[in-house]
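Asker: here is a sequence together with a model predicted from it:
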Amino acid sequence: MTIIEPSATVSKKAQLDEDVYIGPFTVIGDNVRIGRRVRIGRSVIIENRVSIGENSYIGHFSSIGVRPQDIKYKGEDTELVIGKNNQIREYVNISIGSVDGNGKTVIGDNNLIMSYSHIAHDCILHNNIILANLATLAGHVEIRDYAVIGGMVGIHQFVKIGEYVMVGGGSMVSQDVPPFLLVEGNRAKPFGINIKGLKRNGFDSAKISLIKKAYRIIYQEGLLLRDALSKIDSELLPLMPELGIFTGFIRSSSRGIVR
């Protein structure tokens, strides 16, 4: 059964699925679609064109679907798409997209976004990501599966964070971070691979050893980048096809990778 607290304001044009809870003093706008079993806390604002997938939670005092903090934005019809099974905690701010991006900010499935985090316009967050408290993402940032972003981290616009990355707390990230890495600092630099994260996500010791070798080839052997990538392709990729996400990410980087 859907429950809307009496003090909440929910537009008659909003679309609410079954078994939704809307907390006290929350405001839901015209173009909002809310999936089954979504729970929304007190004093939340959800406005503009937003969809929220089933089994998600929006914490108290969050602002979801707000206008981009971009002086070029002139009120265009853009959107925010949030997948299923997300935990978005208290005081989080997430903007809709802008026409300079794809007109869309996207949050995938099974993500934990902790209190006071900011996700700017046109960001793309994939699945199973953790953003710790006060993580701040500028516009057009992309974060891929199973990445962990520490508390008080700032990520520059257009930066890409690869799969299974760990960004240490308080870091400032201005270049792309390839998959599997552990990075930290201002500006963030690589400190090896994210061993704990890899073990937590089912990588065995043999695969972790091959990822270490790939890391050493890129960062410690003094090779030109193209030669290092070719060496990984010929020596390691046949043994572990998953390393293709590592080399493919580096080849596709337009900002350059952390060094």
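Answerer: Perfect, I can see it now. Residues are numbered from 1 along each chain as shown.
Asker: confirm that residue 212 sits in a helix.
Answerer: Yes - according to DSSP: H, G, I helix; E, B strand; the rest coil, residue 212 belongs to a helix.
Asker: quick one: residues contacting it.
Answerer: 192-193 (CB atoms under 8 Å, 6 or more residues apart in numbering). C-beta: built from backbone N, CA, C; applies to glycine.
Asker: that one and residue 231: what is the separation?
Answerer: Noted for residue 212: a distance of 14 Å to residue 231, by CB to CB, to the nearest Å.
Asker: now do residue 138
Answerer: In terms of CB to CB, residue 138 sits 34 Å off from residue 231.
Asker: swap in residue 77?
Answerer: 48 Å.
Asker: ditto for residue 123
Answerer: Distance of residue 123 to residue 231, computed by CB to CB: 34 Å.
Asker: follow-up on the earlier one: more neighbours: residue 77 and residue 231, which one.
Answerer: For the pair residue 77 and residue 231, the greater number of neighbours falls to residue 231 (17 against 11), based on other CB atoms under 10 Å.
Asker: wait, that one sits on residue 217?
Answerer: Yes - counting by CB atoms under 8 Å, residue 231 does reach residue 217; the two are 5.4 Å apart.
Asker: need the overlap of contacts for those two.
Answerer: Joint contacts of residue 231 and residue 217 (CB under 8 Å, 6+ apart) are residue 223.
Asker: ranges for the helices of this protein?
Answerer: Ranges of helices in the chain, per DSSP state H, are 195-200, 205-219, 225-235, 244-252.
Asker: give the full set of residues in contact with the nearest residue to residue 240 once chain neighbours are set aside.
Answerer: Closest residue to residue 240 apart from its sequence neighbours, by CB to CB, 6 or more residues apart in numbering: residue 210 at 4.6 Å. Going by CB under 8 Å, 6+ apart, residue 210 touches 236, 239-240, 243.
Asker: rebuild those as JSON lines, extending it with pLDDT.
Answerer: Listed next are these as JSON lines, based on pLDDT from 0 to 100:
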{"residue": "236", "pLDDT": "98"}
{"residue": "239", "pLDDT": "98"}
{"residue": "240", "pLDDT": "98"}
{"residue": "243", "pLDDT": "98"}
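Asker: mark which of the residues you listed are buried, thanks.
Answerer: 236, 240, 243 (16 or more other CB atoms under 10 Å).
Asker: for the residue nearest to residue 240, give its distance to residue 202.
Answerer: 15 Å.
Asker: show me the protein divided up by domain.
Answerer: 3-140, 198-252 (automatic domain parsing).
Asker: out of those, which is the most enclosed?
Answerer: domain 3-140 (a mean of 19; mean count of other CB atoms under 10 Å).
Asker: span of it from start to end?
Answerer: Domain 3-140 stretches 35 Å from its first residue to its last (CA to CA, to the nearest Å).
Asker: test my guess that residue 131 contacts residue 115.
Answerer: No - Residue 131 lies out of contact with residue 115 (CB under 8 Å); the separation is 9.9 Å.
Asker: pLDDT value on residue 102, please?
Answerer: With respect to pLDDT, residue 102 scores 86.
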